[in-house]
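In: task: produce atomic coordinates for the following.
(chains A and B)
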Amino acid sequence: MKPPWKFLTLADQLLIACLALLGVLGLAWSLSAPRGQRVMVSVSDRLVYLGSLDKEDMVELSGPVGKTVLTVDHQGARITAAPCPLKVCMTMGPAVQQGDILACVPNRVLVEIEGGASQPADYDLLSH
Amino acid sequence: MTSSATNPLDPGQVRRQTYLALFTALAITVHTLEVLLPSPVPWFRLGLANVLTVVILFLYDSRAAWSLTLMRIGLGALLLGRLFSPGFWLSLAGGILATLLMCLARRHCGPLFSPVGISVIGATGHAVGQFLVAWAIVIQHEAIWKIFPIFLFTSVAAGLLTGWMAAVLLNYLMAHPVFSSKTNG
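Out: Coordinates of the predicted model:
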């Protein structure tokens, strides 16, 4: 049996190299986001929880399928219990960066990490 | 399959239909087994059915690949009881974009890409299609694109693996008298 690389044509190699580069760039971009400040949770598009990422907390969120448990601790925000069969959301965490989300699709739960200190408001106005 | 005297069929056509039916049955079986088997990461699957799509695309043509993909997704969802669920739409979108890109690449770039390259194109299309639909109907939040790079890596890796399997399988099949008379495309 021929090893995998024996099948690759030049176009294949270029394609794979381009995709790998794209993936690395995308990964660098997504990892470069600053640490978030607030945890915002909505269930069925309704805001149900707003808390600080630095304060440890545990919240039970009732959705259409059952109870989803959100834990906020030093690691970040993560889902620690979910009523859905696949429990995809439990493998998505912990979320710490600004813009990170945890979504529990069957239970319609969406956890978002928001940035707080976007611009330090040291000055109200600068004039020269 | 038989061809009756009142409905004379071209033997080549009958053979094509028979093999297409066989491949479709195999694709549905593989797809269903893969969904039912436990996986360490719930959203990750290798996409073994893609091996058969790539093989049929190389053995026959775009039409065969389309009918294989659509039948596999439709009947597979019916068997698993998830027709019209969010997972079904994700699967359908991924399947459609993957097949579209693979057929286009095969038709317009012909011998430039090996089965492995075609499979990687399909895997990328599958990931993009799933994300577009997830973004449009399931999560509706642009932040899902943050996890796309990881998704892309795993998809390309899965595409490489299934493409390699397809290439090996094609090597065996092309040597078989049933297919050896046919040229690519």
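In: just the helices from chain B, written as ranges.
Out: B:11-36, B:49-59, B:62-80, B:86-109, B:115-133, B:148-175, B:177-180 (DSSP state H).
In: most tightly packed of those?
Out: helix B:49-59 (a mean of 27; mean count of other Cβ atoms under 10 Å in any protein chain shown). All C-beta spots, glycine's among them, are computed from the backbone N, C-alpha and C.
In: what's that helix packed up against?
Out: Counting contacts by 3 or more Cβ pairs under 8 Å, 6 or more residues apart in numbering or on different chains; DSSP states H and E, helix B:49-59 packs against helix B:11-36, helix B:62-80, helix B:86-109, helix B:115-133, helix B:148-175.
In: what residues does the third one touch?
Out: Outside of helix B:86-109, the residues that reach it under the criterion Cβ atoms under 8 Å, 6 or more residues apart in numbering or on different chains are A:11, A:105, B:50, B:53-54, B:57-58, B:62, B:65-66, B:69-70, B:72-73, B:76-77, B:82, B:113, B:117-119, B:121-130, B:132-134, B:137-138, B:185.
In: let me see the confidence value for residue 36.
Out: Unless you meant another one, I'm taking chain A. Note on residue A:36: pLDDT of 88.
In: hmm, no, I was thinking of chain B.
Out: pLDDT for residue B:36: 86.
In: against residue A:4, how distant is it?
Out: 27 Å (Cβ to Cβ, to the nearest Å).
In: contacting residues for residue A:80?
Out: So residue A:80 contacts A:58, A:69-71, A:90 (Cβ under 8 Å, 6+ apart).
In: please apply the same query to residue B:173.
Out: Contacts for residue B:173 were tallied using Cβ under 8 Å, 6+ apart; they are B:55, B:59, B:179.
In: ok so, going back, just the buried subset of the contacts of residue A:80, written out for ChimeraX, thanks.
Out: ChimeraX command restricting the contacts of residue A:80 to the buried ones, with burial defined by 16 or more other Cβ atoms under 10 Å in any protein chain shown:
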select /A:70,71,90
